[in-house]
Each structure stands twice: as C-alpha cells, then as structure tokens.
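**Student:** Return atomic coordinates for the entry below.
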Amino acid sequence: MAAHAPLYEALIQLYQSKAVSFHVPGHKYGQMLRQLPGETYSNTQFFQSIMNIDVTELAGTDDLHAPSGVIAQAQQLAARCFGAEETFFLVGGSTSGNIAMLLAVCEPGDQIIVQRNAHKSVLNGLALAGAQALFIMPQTDPFSGLEAAVELTVVEEALKRYPDAKGVFLTNPSYYGLSVDLEPYAALLHRYDKLLLVDEAHGAHYGLHPDFPTSALQAGADAVVQSTHKTLSALTMGAMLHVQGERIDRTALRYALRMIQSSSPSYPIMASLDIARAQVDTMSPSMFKDGLEAAALFKQWVREESAVFDTIESWHESELNVRMDPLRVVLKDVTGTYTGFELLERLQEYGCWAEMADSKTIVLIFGLAALEEDVERLKEALSAIALCIPLEKRKQLGAAIRLTDQVCKISEPVVLSRRPLNKSLVEIINLSESVGRKAAEAVIPYPPGIPIVYTGEIISSRTAAWIENLSKQGAKFQAAADSTMRTIAVIRNS
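**Tutor:** Modelled structure (predicted):
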C-alpha cells in the first residue's frame, strides 16, 4: 500500500512548481538566508530545506480554520486511521486541544470533574473557561509510589455528589506510561449522560499494535487529545484532537480552536501530522517492531545483569487493571546512591538523554525508532555509572510524596484564576513558613508539568516538604517566582 499524504503532497507540488512568493512568510522559501555570509549560509542550508514547504494559506494549500481541500482530506484520513468520527489537527500541541475541549464544554460557573494530576494545560483551560474544577485523586501504587487513573468508584461517587457536572476529564496514560482500560469509565459516564474527555497526550500509539493498551477512542471517550509528536513521528507541537458521538458540541469546539490556535498555523507541523498518519496507515503494526524489541532487550538486561538498577514494570495491590506502556521504561537506582535527577545528569555525560526525572526514577521513552545499538550505548553508560558507586556512600532515599498524600479523594469546587493576583494581595515568604497559607502562584515541576500546588490551594506540611525535597534534588520549576523555591508567593492574610 503506497503512502498517501495529501497535504504534504500539495506542499511538495507547490515547491516543485518553482512558484515566486509575494506572500508571507518573509523568508520567501528560505531565500532570505542566502543574504548571509558564505560560511554562515552553508550552515543554514539544512534548515532552508524545511523552509521550502513553510507557506501560508494559498489556493492549493487550504486553511486549517476553514478546511475544504487538502487539510480537510488529511484530517479525514486521520479520523479514519485513529477511529474517530472527526479529527482536528493541532499546531499548539496537546495543550491547545486540552484548552479547546474545556472551552467548548464549559460555560463560566459550570462544574467539571478533573483528575488532580492533570497537566498544567488542563488547569489553564479551566481558568480560561471560568469553570469550577472538582478534583478527584488518582490511585497510588504502594510499592512504586507512581500514580495511575482514578478508581471507577471514586468517579461515580463524584458524579453522585455533583450531579450537575458536565463530565469527567481524565489523563490516561500518565507521564510514566501507566494506563487503564477506559471502557468502564466511558460506560459509566454515558450512563449518567456525561462527557468523557481524555488527555491521551502520551498514548498516540495506543491501539495500533497488539502489545499496546487500547486507545481512549476505542474505549468510547467523547473527545481525546493525542500528542502525535510524542510517540509517533510528527514534529514537535504536532497533535490531534479526535471526537466521536453527539455529546460534545463540535461547533463550539471549532470556535474554541479558532480562538486559541494561530491564524498562521505551521505548514511543516501540519505536513508532519499528515506524514505520521500515512506511516501508521501503511506500516502499522510493523513500524513498532524495532522499538518494542529494543525496550524488551533493555529490560531483560536490567533484570539479568544489573545489580544496581531496576525497572518498574508492574502495579501492586490494586483492583485497577493497570498496564505499563511497553515503549516506556521507568528506571531507578536500587542502591539509593543517585536520585532520579542525578542519574539523568550522569546519563547526559555519556550522551544519553532521558525524558524526565523525579526524586527516585527516570523515564526513558524508546518510541518506535529505538534500535539495538541505542540500547547497547545506554547499557554501556549505565554500566560505567554503576562502577562509580562507592559502597560506603550509599544512602536511602525517602519514599516519594505524591498528590494523594495531601488531599481528600474528591475536592470541593475550585475556581482557578485566569490572571495573576494583584500584587497588593500577595506576599513572598520562606517556603518553611508557608504551611497553612494559600498559594498565590502555581508550583509546577517541569517535566512532567503537573502542578503540585495551584493558585489558591492551601499548602500542607507534606506539600512544603515535597517542594523543598524536589528543589534540593535539582528539579526545575515553571511559573514560580523563585525558581529555587526557597521562597513562595502566598495570599496575604486579611
């Protein structure tokens, strides 16, 4: 079966026609780079090849916000490929899709039930929509400390307690690659005539191979966002929003997407979405063979030959049927010598770059393109790191603190601020003095971009200890005024 990518093909046809540009973008198919001095220009020629298809809305290139030509065709092919009734291309990553879903579903004051360990884009969408968030807590594995989906019984309890809620917004899989089958959740929500919205950013490959969990669309979700760039082959910021059924207002969704996405969307990003879909159509499931084999080889090596490192591959003591993404490895130093942050830095010294770290683990994404030689390089790096661990310096790391340690299963309604608080209402205090105060800023370790504290939330002693611990271990924070987190902004006591 030959690959067919109508949008990408239209861009190549335009390039091959040697058309003369009297339109934006200003680089004019990269011609502006030729004004650079010779040596500098030679260093940019690779980048110029991308500019050859960086165009604008022309007669043959269609319009993302009113598609009727090749973009419409590309989106229709994507919907058919991933099992949606309708698919929207996103050039602002899953962030734009999460925000658009919430703006489309919620009027100011509406209530929506939200998994508390959601990405910051979900909280931003709630703030922009003026919706009341009803946070529900994910379940935590007592063995690993990792969090997965909310228990179905907690979701139903929240629906009964807040019958006017528009629906439930879940994150599945987690950043660590943990997921559950969402079919019982979709059945429950639809029995209550409520929406199931899913941030499936890290699961664009789900449902495309027998070894993968089923996708949220296959499970019956009403709207699903996938970061096609994370686990498939699209360019960074390339994502898709899939919808099915009659519960979500698609006119409202289109309106929201027009508001929050650029009126000058990137054609290279959209073309990469078209190509990624064509690759799935023509190669799946064989396209994942190398990545699956590479990840399996690495896990086998850790089990059989490493006395220092271990992988987290199972979920313990839970009624949830939690699955691990076979293309994602959560690795830890069992001796306690290195925190996850330190291990990530040591790997970088050997040219191996992990996706993220926390206080105890690192996350390695093998993806569809990892090769056996990549695994060998990773094994060599870890073996060299293991040789440097002095026995007399081994220490024990405390158990990881998670969101479930600090709040009840279902929160009271929360309205998130859409703008920074007035400076007169804010004071900066030492983190050690913040217990019991309301945060005046969000505290967001990145990655994974999940807020530990949102604006207006009361800071508990465990939360303060968690932030301090992460800061000492080298976590990087977004949104906080003091990146070291020695101080924190709180709301003044009246």
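**Student:** for the stretch 1-150 of the chain, which spans come out with low pLDDT?
**Tutor:** The stretch 1-150 of the chain contains residues with pLDDT under 70 at 1-2.
**Student:** Over to the stretch 351-494 of the chain?
**Tutor:** For the stretch 351-494 of the chain, the stretches with pLDDT under 70 are 391-407.
**Student:** Mind jotting down where the helices sit in the stretch 101-250 of the chain?
**Tutor:** Assigned by DSSP state H, counting those that start in this stretch, the stretch 101-250 of the chain shows helices spanning 120-129, 152-161, 183-191, 216-219, 228-231, 250-260.
**Student:** Ok, which of the ones you listed comes nearest Gly38?
**Tutor:** Closest approach to Gly38 among the helices of the stretch 101-250 of the chain (Cβ to Cβ): helix 228-231, 34.2 Å. To be clear about C-beta, it is placed using only N, CA and C from the backbone, and glycine gets the same treatment.
**Student:** counting contacts, what elements does the closest one pack onto?
**Tutor:** Judged by 3 or more Cβ pairs under 8 Å, 6 or more residues apart in numbering; DSSP states H and E, helix 228-231 is in contact with strand 239-243, helix 267-283.
**Student:** ok now it, how far from the chain's centre?
**Tutor:** Chain-centre distance of helix 228-231: 9 Å, with Cα atoms, centre = their mean, to the nearest Å.
**Student:** Number the residues from 43 up from this point.
**Tutor:** Got it, first residue is 43 now, which makes that one helix 270-273.
**Student:** on that earlier part again, mean neighbour count, distance to Glu242 and mean pLDDT added to the helices and strands packed on helix 270-273, as CSV?
**Tutor:** Listed next are these as CSV, based on neighbours: other Cβ atoms under 10 Å; distance: least, Cβ to Cβ, whole Å; pLDDT from 0 to 100:
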stretch, mean neighbour count, distance to Glu242, mean pLDDT
strand 281-285, 25, 9, 98
helix 309-325, 22, 15, 97
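**Student:** Next, the buried residues of stretch 395-406.
**Tutor:** Using 16 or more other Cβ atoms under 10 Å as the test for burial, stretch 395-406 gives Ala396, Glu397, Met398, Ala399, Asp400, Ser401, Lys402, Thr403, Ile404, Val405, Leu406.
**Student:** Greatest separation within those: which pair is it?
**Tutor:** Most distant of the buried residues of stretch 395-406, by Cβ to Cβ, are Ser401 and Leu406, 16.8 Å apart.
**Student:** before we move on, the earlier item: nearest to Val350, out of the helices of the stretch 143-292 of the chain?
**Tutor:** Nearest of those to Val350, taken as Cβ to Cβ: helix 270-273 at 28.2 Å.
**Student:** Need the residues that contact the closest one.
**Tutor:** With contact meaning Cβ atoms under 8 Å, 6 or more residues apart in numbering, helix 270-273 is reached by 135, 243-247, 276-282, 314-315, 318-319, 369, 407, 409-410.
**Student:** From Gln268, how far out is the closest residue to Thr256 other than its chain neighbours?
**Tutor:** Closest residue in space to Thr256, ignoring its immediate chain neighbours: Gly249 at 5.3 Å, by Cβ to Cβ, 6 or more residues apart in numbering. Distance, Gly249 to Gln268, by Cβ to Cβ, to the nearest Å: 10 Å.
**Student:** Mind listing the shared neighbours of the two?
**Tutor:** Shared contacts of Gly249 and Gln268 (Cβ under 8 Å, 6+ apart): Phe124.
**Student:** neighbour-wise, which of these two wins?
**Tutor:** Gln268 (31 against 19; other Cβ atoms under 10 Å).
**Student:** Contact partners for that one?
**Tutor:** Counting by Cβ under 8 Å, 6+ apart, the residues that Gln268 touches are Phe124, Ser136, Glu242, Ala243, Gly245, Ala246, Ala281, Met282, His284.
**Student:** Out of the helices and strands packed on helix 270-273, flag the one nearest Ala52.
**Tutor:** helix 309-325 (8.9 Å).
**Student:** could I get the helix or strand that the closest one is followed by in CSV with only the CA atoms?
**Tutor:** Proceeding C-terminally, helix 309-325 gives way to helix 331-347 as the next helix or strand, assigned by DSSP states H and E. Output in CSV follows, covering the C-alpha atoms of helix 331-347 (Å, rounded to 0.1, in the frame of the first residue of the first chain):
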residue,chain,number,x,y,z
LYS,A,331,8.9,-3.7,15.9
ASP,A,332,12.3,-2.1,16.5
GLY,A,333,11.2,0.0,19.4
LEU,A,334,9.4,-2.9,21.2
GLU,A,335,12.4,-5.2,20.7
ALA,A,336,14.9,-2.5,21.9
ALA,A,337,12.8,-1.9,25.1
ALA,A,338,12.4,-5.6,25.8
LEU,A,339,16.2,-6.2,25.3
PHE,A,340,17.0,-3.4,27.8
LYS,A,341,14.5,-4.6,30.4
GLN,A,342,16.0,-8.1,30.1
TRP,A,343,19.5,-6.8,30.6
VAL,A,344,18.4,-4.9,33.7
ARG,A,345,16.7,-8.0,35.2
GLU,A,346,19.5,-10.4,34.4
GLU,A,347,22.7,-8.4,34.6
